[in-house]
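Participant: Coordinates for the following, if possible.
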Amino acid sequence: MKKSDGVIKAIFPFLRWFPMSKDTVSADFMAGLTVSLLLIPQAMAYAQLAGLPPHYGLYAAFLPVMIGALFGWCNQLHTGPVAMTSLLTFAVISQIPGLSDDKSQMFHAVFFLSFLAGLIQLSFGIFRLSVFVNFLSHPVVAGFTCAGALIIAASQLPQILGISIEKKGGMLVDLYALLLQIGRTHFPTLVAGTASIAIIMILRKVAPRFPGVIFTVLLSIAVSYLIDFKGIMGGAVVGHIPPGLPPLQLPHFDWTLTGDLIGGALMISLIGFMEVLATDKALSATTRQRLDFNQEMIGQGAAKIAGSFFLSFPVSGSFSRSALNLYAGARTGLSSIFAGGFVLLALFFFTPALFYLPNATLAAVIIAAVSGLVNFKVFSRIWKVDRLDGIAAISTFASAIILAPNIVEGVILGVALSIAFHLYRLMKPYVAVLARHSDGTFRDASKHNLDKDKDIILIRFEGSLVFANASHFEEKVLDEIASNSTARAVVFQTDCINEIDATGEESLRNMVKDLRKNGMIVAVSEMKWRVLELLEKTGFYEILENKYFFRTTEDAFLYVKNELQASKDAGSDKDSIR
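Facilitator: This next block holds a predicted model:
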């Protein structure tokens, strides 16, 4: 019975919420209401960022929110429209020739993109492949996030200024075109946009608990209605929003577009899930909830697929709304069900009020949301940790800015550089020659300016010994032996070798054979038990006896030193007999 219950809960993870007390339902209700006050304006703004009319954001903010909660894992994670996924959606769609001229075809492509991205995530989750997200290293994500925030903010400047420009190419070209037309700025729109940004940012700082975004949106609607912002002022507003549920329709499976969309769908899946991982970990640090990333991947994929049947663009986990959800007291994913329900009520009853919402206010919501993502200090920190990682981060940032809106290529470049640098590190691990320090320990002679022993070479190979670096290991050992003609012994400190493959074993075997054949003593210290077991299975002890394996480098050094002294004494006795 317990086994069958476990299977059922694995298929329907939301059953973990039950039984549910009245206090839990009440807490989730209030959390859902609180989050919906941020979700509704953000969803409309992010739809605009994705290149869609604002009401499509509301379509993405009810069913995907619920499905993500029902089939995901983390109780407080809030799924829905987010800035980076919306930006990627626009980037993928905008680079397909002809789509911008055919709105109907473009919409179908967006929904199909959501379906493909969801299918990828669902497959990754079912086959437990969430580890593939690790190919997006922190430097790549940091570079993309910073660039993405700037691109998002720049894309909203025409709405803030009230200037309509023709998109001719990249972001930099469009910004130059906007600068040339700066004299055409619509002053009432500029006031609406800048005032909205200022109100949101000020309220965020002085009253972080206050729902500043929804307050700004409601204030903008009221002012817009009272001064007839659209009519007398000539400002752009959201306009008519079809009330009620979006129609249920199958995604337009245009397989001729699959080749154009699949790369972007994969990138949306991976980058979106990176945000989810970071959010889940931050939430878990507070709630102590055990995480299941594969189940979370299933939930995210199911949310995208379900949304694609109801005119939704790709969604993902939102860090800001998840944090608000936790802060508001959410205990289970039921809070997201309530939040989706409140969006549904807005679709049925409040769409007339949204007619008067200035587009500049939606642009202000987006700019305020991404302002905290611009962090240039992270590049300095990454560079200090590893210059190659720094190059990957800066390259990702620069390529994304230059290629925008085709930012997927920038991410691909960053991933390629990260993998290439990882392979380089694997091929060229650091090899330290050790010497006795004044405190009695053995340390890197070059780093601490120590005098090396004349008779014994102590070498530490700082990496797994595998096919990619076996020749590098041999070269470093032979170079050190060549530079120390008086050496009569070699001690390999192997505590950094966590793994050894067939090529590495063969390299070590041949090295030991050749050194001993030339009359040198060879010893091994601090070898990991797993590696030691493997060498035992391969018959390595046949060429290097068990007595030459030591738990500590100190023991190996003293043993070899004594053996060299004994050999020297034996040679002196023979000379005296003669």
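Participant: Shouldn't R443 be within a helix?
Facilitator: No - going by DSSP: H, G, I helix; E, B strand; the rest coil, the assignment for R443 is strand, not a helix.
Participant: Skipping its backbone neighbours, what lies nearest it in space?
Facilitator: Using CB to CB, 6 or more residues apart in numbering and skipping the chain neighbours, the partner closest in space to R443 is H437 (4.6 Å). For glycine as for every other residue, the C-beta is placed from the backbone atoms N, C-alpha and C.
Participant: what about the one you found, distance to E554?
Facilitator: 12 Å (CB to CB, to the nearest Å).
Participant: in the stretch 101-250 of the chain, which spans are helices?
Facilitator: Applying DSSP state H, counting those that start in this stretch to the stretch 101-250 of the chain gives helices spanning 103-126, 138-155, 157-161, 171-180, 187-206, 212-227.
Participant: for the fourth one, packing partners?
Facilitator: Right, the one you point to is helix 171-180. helix 138-155, helix 157-161, helix 387-403 (3 or more CB pairs under 8 Å, 6 or more residues apart in numbering; DSSP states H and E).
Participant: swap the cut-off to 6 Å and go again
Facilitator: Helices and strands touching helix 171-180, by 3 or more CB pairs under 6 Å, 6 or more residues apart in numbering; DSSP states H and E, are helix 138-155.
Participant: Next, the angle from the helix it packs on to helix 387-403.
Facilitator: Counting by axes from the mean of the first three to the mean of the last three CA atoms, to 10 degrees, helix 138-155 points 20 degrees away from the direction of helix 387-403.
Participant: Distance-wise, check L362 relative to S220.
Facilitator: Separation of L362 from S220 (CB to CB) stands at 9 Å.
Participant: of those two, who's got more company?
Facilitator: Taking other CB atoms under 10 Å, L362 and S220 do not tie; L362 has more neighbours (29 against 26).
Participant: Identify the residue spatially nearest to that one, adjacent ones excluded.
Facilitator: Excluding its sequence neighbours, the residue lying closest to L362 (CB to CB, 6+ apart) is A45, at 4.3 Å.
Participant: Just the element for the one you found, please.
Facilitator: helix 22-49 (DSSP states H and E).
Participant: Could you list the residues in contact with the helix or strand that that helix is followed by?
Facilitator: Once the chain leaves helix 22-49, the next helix or strand it forms, by DSSP H and E, is helix 55-59. Outside helix 55-59, the residues that touch it by CB atoms under 6 Å, 6 or more residues apart in numbering are A43, M44, Y46, A47, P81, I241, P246, F310, L311, S312, V343, L347.
Participant: 7 Å instead?
Facilitator: 40, 43-47, 81, 241-242, 246, 310-313, 343, 346-347 (CB atoms under 7 Å, 6 or more residues apart in numbering).
Participant: What of stretch 34-45?
Facilitator: 54, 57-58, 60-61, 78, 80-81, 211, 213-214, 217, 321, 324-325, 328, 335, 339, 342-343, 346, 362, 365-366, 369.
Participant: Need the per-residue pLDDT for the closest residue to F293 other than its chain neighbours.
Facilitator: Counting by CB to CB, 6+ apart, S130 is the residue found nearest to F293 once chain neighbours are left out, at 4.4 Å. Here the pLDDT value assigned to S130 is 86.
Participant: Also L434?
Facilitator: Listed pLDDT for L434 reads 97.
Participant: what's the angle between the helix or strand harbouring N294 and helix 103-126?
Facilitator: In this assignment (DSSP H and E), N294 forms part of helix 293-308. Between helix 293-308 and helix 103-126, the angle comes out at 160 degrees (the same axes, to 10 degrees).
Participant: ok, back up a step: also compute the angle for the helix holding A45 relative to helix 187-206, please.
Facilitator: Using the same axes, to 10 degrees: helix 22-49 against helix 187-206 is 150 degrees.
Participant: Regarding this structure, what is its longest helix?
Facilitator: Looking across the chain with DSSP state H, the single longest helix is helix 258-287.
Participant: Now find how far off-centre that helix is within its chain.
Facilitator: 7 Å (CA atoms, centre = their mean, to the nearest Å).
Participant: average pLDDT for that helix?
Facilitator: Averaged over helix 258-287, pLDDT sits at 92.
Participant: try stretch 298-311
Facilitator: Here stretch 298-311 scores 97 as its mean pLDDT.
Participant: chain center to it, what's the gap?
Facilitator: With CA atoms, centre = their mean, you get 21 Å for stretch 298-311.
Participant: what's in contact with it?
Facilitator: Outside stretch 298-311, the residues touching it (CB under 7 Å, 6+ apart) are 56, 59-60, 63-64, 67-68, 71-73, 79, 111, 114-115, 117-119, 121-122, 125-126, 246, 248-251, 272-273, 276, 314-317.
Participant: Of the residues you listed, grab the buried ones for PyMOL.
Facilitator: Selection command for PyMOL covering only the buried members of these, criterion 16 or more other CB atoms under 10 Å:
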select buried, resi 56+59+60+63+64+67+68+71+72+73+79+111+114+115+117+118+119+121+122+125+246+251+272+273+276+314+315+316+317
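Participant: Now do the contacts for L63.
Facilitator: Counting by CB under 7 Å, 6+ apart, L63 touches A306, G307, F310, S312, G340.
Participant: at 10 Å what do you get?
Facilitator: Neighbour list for L63: 245-246, 303, 306-307, 309-312, 315, 340, 343-344 [criterion: CB atoms under 10 Å, 6 or more residues apart in numbering].
Participant: any idea how far it lies from I337?
Facilitator: Using CB to CB, L63 is found at 11 Å from I337.
Participant: V133 too?
Facilitator: Taken as CB to CB, the span from V133 to I337 is 27 Å.
Participant: same question, S21
Facilitator: S21 is 16 Å from I337, by CB to CB.
Participant: So the two - more neighbours on which side?
Facilitator: Using other CB under 10 Å, the more surrounded residue of S21 and I337 is I337, with 20 against 9.
Participant: For the more buried one, give me its contacts.
Facilitator: I337 neighbours (CB under 10 Å, 6+ apart): F14, W17, D28, F29, G32, F62, V65, M66, I67, A69, L70.
Participant: ok, of the residues you listed, which come out buried?
Facilitator: With burial judged by 16+ other CB under 10 Å, the buried subset of the contacts of I337 is F14, W17, D28, F29, G32, F62, V65, M66, I67, A69, L70.
Participant: and those residues, which of them are in helices?
Facilitator: Using DSSP H, those in helices are D28, F29, G32, V65, M66, I67, A69, L70.
Participant: Pick out the shakiest of the helices of the stretch 101-250 of the chain, pLDDT-wise.
Facilitator: helix 171-180 (a mean of 91).
Participant: what residues does that helix touch?
Facilitator: Residues from elsewhere that reach helix 171-180 (CB under 10 Å, 6+ apart): 147, 150-151, 154-155, 157-158, 161, 163, 165-170, 184-185, 400-407.
Participant: rerun at 8 Å
Facilitator: 151, 154-155, 157-158, 161, 163, 165-168, 401-402, 404-405 (CB atoms under 8 Å, 6 or more residues apart in numbering).
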